[in-house]
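Engineer: okay, sequence plus prediction incoming.
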Amino acid sequence: MKRAAVYLFALVATLLLAWQIRLSLDSAEAFSYEHRVYMSFQSWYASHQMPADAEWRAQEDLIMRAIALQKRNASIKNTAGRLYEYRAYQFSPQSTASRMQYAEKAAAMYRLATHDSPMLVYPWMNLALIKMKLGQWDQEFFHAYQQAVMLGPWESAVMPVLVEIGLLVYQNMDAASQQFIAAYIDRVGEGAGPVIGGQLHNKPAMCWRLQQMGQPKTYARICGT
């Protein structure tokens with residue numbers, strides 16, 4: 001009886017170890033795929049070149065394989081969203097329907113990532129950004145924006161993006177949302193105004209929008225005048 005119990009324990013331990021090894025191998029393989037995809041579109045951005053459709057499809061296949069191996073990994077889904085967003089807005093020429101299709105796929109991936117890891121700031125920021133690009137300034141958009149503000153108040157890569165989103169949508173928001181956006185931009189301007197000003201895309205346009213908001217101190221800190 002004792003020998004049978006020992007054998008049973010050994011079998012269970014062996015199966016558990018094999019399962020853990022399998023999980024580790026799957027995780028390593030998934031992150032390898034994600035890294036290859038990430039490096040590919042970083043290379044596309046850096047070279048300002050549009051990859052061939054076959055090359056883009058190969059990267060899509062890799063990120064889908066990574067998701068299949070790590071079904072609850074927010075980082076991988078966030079990378080998938082960035083890949084679809086690249087396809088939506090960097091590929092040209094393409095139809096409006098095609099652009100919308102890939103932008104919606106990006107939003108879906110960011111949305112899944114926020115469900116998998118609600119405390120990770122980047123999927124929230126990217127969801128707010130893609131919904132802004134789609135003109136979907138709805139409750140989901142503003143909730144994503146709020147979550148990104150709450151989770152990444154002083155993240156150097158997050159602040160300029162959230163400031164720009166806030167400036168771009170401010171006039172389309174209701175009074176309560178405008179107050180939230182203005183308070184965030186004022187707080188960022190007070191703590192890191194010159195740094196943020198140096199990171200804004202199309203700074204003249206952003207500064208004009210900030211000037212229209214009627215916050216002269218924040219305008220001076222961020223825009224330097």
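Structural biologist: Nice, thanks for sending it over.

Engineer: can you show me the helices along the protein?
Structural biologist: Along the chain, counting by DSSP state H, helices occupy 2-47, 53-69, 74-90, 96-116, 121-133, 139-151, 159-169, 175-199, 203-212, 216-223.

Engineer: ok, now how distant is M109 from R87?
Structural biologist: 12 Å (C-beta to C-beta, to the nearest Å). (Each C-beta comes from the backbone N, C-alpha and C, glycine too.)

Engineer: which residues sit in contact with A88?
Structural biologist: Counting by C-beta atoms under 8 Å, 6 or more residues apart in numbering, A88 touches 99-103, 105-106.

Engineer: most neighbours among these, which one?
Structural biologist: Neighbour counts for the contacts of A88, by other C-beta atoms under 10 Å, peak at A106, which reaches 28 neighbours.

Engineer: and the pLDDT for that residue?
Structural biologist: As predicted, A106 sits at a pLDDT of 98.

Engineer: I'd say it and K77 touch.
Structural biologist: No. Applying C-beta atoms under 8 Å as the test, A106 and K77 come out as separate, 10.4 Å apart.

Engineer: and for G193, nearest residue in space, chain neighbours not counted?
Structural biologist: R221 (2.9 Å; C-beta to C-beta, 6 or more residues apart in numbering).

Engineer: meant to ask about Y122, not that
Structural biologist: N78 (5.6 Å).

Engineer: same question for A182.
Structural biologist: Using C-beta to C-beta, 6+ apart, the closest residue to A182 is M213 (6.1 Å).

Engineer: confidence score at that neighbour?
Structural biologist: 88.

Engineer: I'd say the residue nearest to G193 and P194 touch.
Structural biologist: Yes. With contact defined as C-beta under 8 Å, R221 reaches P194; the gap is 6.9 Å.

Engineer: the two: who's more crowded?
Structural biologist: Set side by side, R221 and P194 show more neighbours around R221, with 20 against 12, by other C-beta under 10 Å.

Engineer: quick one, what contacts the more buried one?
Structural biologist: Counted by C-beta under 8 Å, 6+ apart, R221 has contacts 189-190, 193-194, 197.

Engineer: and those residues, which of them are buried?
Structural biologist: Among the contacts of R221, the ones that count as buried by 16 or more other C-beta atoms under 10 Å are 189, 193, 197.

Engineer: wait, isn't the first one in contact with I196?
Structural biologist: Yes. The pair G189 / I196 is scored as a contact, 6.9 Å apart, by C-beta under 8 Å.
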